[in-house]
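Colleague: Show me the folded form of this:
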Amino acid sequence: MIIAAALFYGVAAVPVTVGAVLFPARFGFSFVPASPSLAGLHVAAGLVAAGLMVLSSFALVRWTLAGRRLARVQAAAVSDLSLAGALIVALLAGVVEEMFFRGALWTLVASMLGDLPALALTSILFGAVHGAFRRGAVLWSLTATAGGLVAGLLLMWSGALLAPVVMHVVIDVVEIQLLKKMFRTSGGE
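Modeller: Residues are numbered from 1 along each chain as shown. Next up is the predicted model:
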């Protein structure tokens, strides 16, 4: 899984980075806050948002049958990842997906239509690539759409990708670890 993630996200990062460098008016984005002294606040906002998203995911798994089914499927997919592997996958996914969705794509849409259409479109597309086309993964797609909305609101508030990236990475690391624990507890069923 780590090699596949590295290859996929490595390839995906190239056009986003090239577009941001060559066409900054259309694809440019800021990764860190304009004022470096605000970086701690952005990290804290990302951590708070991640905590709220993880709690909502936990509630879905705890109190809905669809949440438990989805968690079992996802747990089987990540059961072999070590903590280091989970960190690598989460960093790759968090950085590259945020560079694409809240960075380049957001900037492109916002430059033509404004921030609210960018928020809606990037969130819906983010949710779509997270399971909308996989049987039994509609709930994952819906929760990813909600995560995309929160990440987009963080971007609108901060003007930089740091808070959305922190949120995304933390969610991925924590949820991978929780899913692995669930997989071990359920005996790999």
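
Colleague: Which secondary structure elements does the helix or strand where residue 157 lies sit against?
Modeller: Assessed by DSSP states H and E, residue 157 sits inside helix 138-158. The contact analysis (3 or more CB pairs under 8 Å, 6 or more residues apart in numbering; DSSP states H and E) places helix 138-158 against helix 39-63, helix 65-78, helix 115-127, helix 162-185. Placement of C-beta: from N, CA and C, glycine included.

Colleague: Run through who's touching the third one.
Modeller: With CB atoms under 8 Å, 6 or more residues apart in numbering as the contact definition, helix 115-127 has outside contacts at 97, 101-102, 105-107, 109-110, 141-149, 151-153, 156.

Colleague: Of the helices and strands packed on helix 138-158, flag the one that's most buried.
Modeller: helix 162-185 (a mean of 21; mean count of other CB atoms under 10 Å).

Colleague: Show the average pLDDT along that helix.
Modeller: Mean pLDDT, helix 162-185: 89.

Colleague: ditto for stretch 93-101
Modeller: Per-residue scores along stretch 93-101 average to 91.

Colleague: cool, stretch 114-122 as well?
Modeller: Mean predicted confidence for stretch 114-122 is 96.

Colleague: how far away is residue 100 from residue 13?
Modeller: 8 Å (CB to CB, to the nearest Å).
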